[in-house]
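[1] I'd like to go over a predicted model; first the sequence, then the structure.
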Amino acid sequence: MKKNRAFLKWAGGEIPLLDDIKKHLPQGDCLIEPFVGAGSVFLNTDFSRYILADINSDLIGLYNIVKLQTDEYVAAAREMFTA
């Protein structure tokens, strides 16, 4: 199965360990990620709800912008890469 990659690079990425991590995830409808980082685990699971947390408030702020202001974020990012 193809793995979904995060949209940013982050130290400690779990992509190489993803299959092993998924074997140990609990059953249920909600995944709580206390150390979300780039989000490789939640991007590659199929829970109906997610609670994402990280000590890095800038990272959580970025996820909130992407979630709540997607079009604005894409437009701003596009300017950086197509100028």
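    Happy to help now that I have it.

[2] alpha carbons only for contacts and neighbour counts from here, please
    Fine.

[3] quick one: contacts for the residue nearest to the spatial centre of the chain?
    Taking C-alpha atoms, centre = their mean, the centroid of the chain lies closest to residue 39, which sits 2.6 Å from it. Residue 39 makes contact with residue 6 under the criterion C-alpha atoms under 8 Å, 6 or more residues apart in numbering.

[4] Show the pLDDT at it.
    We have a pLDDT of 90 for residue 39.

[5] Same check on residue 17?
    Residue 17 is given a pLDDT of 82.

[6] before we move on, back to that, any idea how far residue 53 is from the residue nearest to the centre of the chain?
    Look at residue 39 and residue 53: by C-alpha to C-alpha, to the nearest Å, they are 10 Å apart.

[7] For the helix or strand containing residue 74, give the mean pLDDT please.
    Assigned by DSSP states H and E, residue 74 belongs to helix 70-82. Helix 70-82 shows a mean pLDDT of 91.

[8] Same check on stretch 24-34?
    94.

[9] And the contacts of it?
    42, 47-54.

[10] Give me the buried positions along that stretch.
    Of all the residues in stretch 24-34, those buried under the rule 16 or more other C-alpha atoms under 10 Å are residue 31.

[11] wait, what's in contact with residue 60?
    53-54.

[12] where's it relative to residue 43, distance?
    15 Å.

[13] What of residue 50?
    10 Å.

[14] Tell me the pLDDT of residue 13.
    Model confidence at residue 13, given as pLDDT, is 68.

[15] Ok, residue 6 next?
    Residue 6 is given a pLDDT of 78.

[16] Go ahead and confirm it touches residue 38.
    Yes. In terms of C-alpha atoms under 8 Å, residue 6 counts as a neighbour of residue 38; the distance is 5.7 Å.

[17] Looking at the contacts of stretch 24-34, which are in helices?
    residue 42 (DSSP state H).

[18] Neighbour-wise, which one of the contacts of stretch 24-34 leads?
    Within the contacts of stretch 24-34, residue 42 tops the neighbour count with 20 neighbours, counted by other C-alpha atoms under 10 Å.

[19] for that residue, what are its contacts?
    31, 33, 36, 50.
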